[in-house]
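# 3D model of this:
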Amino acid sequence: MSVTIRLTENEEWVDFNVPTAWEDMTLEYWSDLSTIINTHQSGNKLKKKSLQEKYSDDDNLDGILSDIDFKDELRLNRDIFCFISGLNKDDMKKVEMNQVTNVINTIGVLTEEYQPKGITSFELDGEKYLFPLEFLKNNTFGDYIESTQLDMTIDSMKNGRYDVLPEQMAILCRREGEEFDEDLIPDKTKKFKKLKMDTIYEFAFFLTKQSVKLRKTFNMYSERNASL
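Residues are numbered from 1 along each chain as shown. From the prediction side, this is the model:
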């Protein structure tokens, strides 16, 4: 969505795009935005923890903590707005508050949980890549864990880190008839960083779902062998 705002002090107008859906932003964009949000959340927690230890017996502690939350939310909104608009902090001071609020509320839709559609392929630069359904069927669980570091990837996703996925996709997602070529992985990884977040989420959902199936199969296989 395109947005135009006015810098009140000199009547200049600034145009920029605000992402309103996951398909509007790349993984790189979301990673940068997530870093801003996570930095504020971590800093806020440390401040509140320090104050709780210092003023544990103070009757005004709740008010102090609420003030910390309020001020940090203002700073967070400022930094998010600067990132989206490309304005520096000095120029942002010239923007009316209602314009900032409107932009922040628009991007707020991205805090909602992504609802997967269950896709099994995606297109990039005019080429179609397939999710690794056949690979998962034709390889053992042990080979899959070793080749893709699945456990580490799943843990990273649980912690909100999706920047590990382009490499996993470069390893596993291929065009029709394409054979695995380890030498191509770095270039494919770089290329897949341009993918939009809806595709990244779809692959994350697919990978998590398949890992659950593989674990169940692996556990059943192990139990059966143990009983022989």
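# from Trp30, how far out is the closest residue in space to Glu28 that isn't next to it in sequence?
Nearest residue to Glu28, sequence neighbours excluded (C-beta to C-beta, 6 or more residues apart in numbering): Lys193, at 5.6 Å. Heads up, the C-betas are built off the backbone N, CA and C, glycines and all. Using C-beta to C-beta, to the nearest Å, Lys193 is found at 11 Å from Trp30.
# where does pLDDT dip in the chain?
Residues of the chain meeting the criterion pLDDT under 70: 2, 9-10, 56-59, 134-152, 154, 156, 158-160, 212-228.
# quick one, domains of it?
Per the record, the chain has its domains at 2-111, 121-226, by automatic domain parsing.
# re earlier: which phi and psi does the residue nearest to Glu28 have?
When read as degrees, to the nearest 10, the backbone of Lys193 gives phi -70, psi -10.
# so what's it up against?
By C-beta atoms under 8 Å, 6 or more residues apart in numbering, Lys193 lies in contact with 26-28, 166.
# out of the residues you listed, which is most surrounded?
Neighbour tally across those (other C-beta atoms under 10 Å): the maximum, 22 neighbours, falls on Pro166.
# elements contacting the one helix or strand it maps to?
Using DSSP states H and E, Pro166 sits in helix 165-172. Helix 165-172 sits against helix 141-148, helix 150-158, helix 185-192, helix 197-226, with contacts defined as 3 or more C-beta pairs under 8 Å, 6 or more residues apart in numbering; DSSP states H and E.
# and the contacts of that helix?
With C-beta under 8 Å, 6+ apart, helix 165-172 has contacts from 27, 129, 131-132, 135, 147-148, 153, 157, 180, 184-186, 188-193, 195, 200, 203-204, 207.
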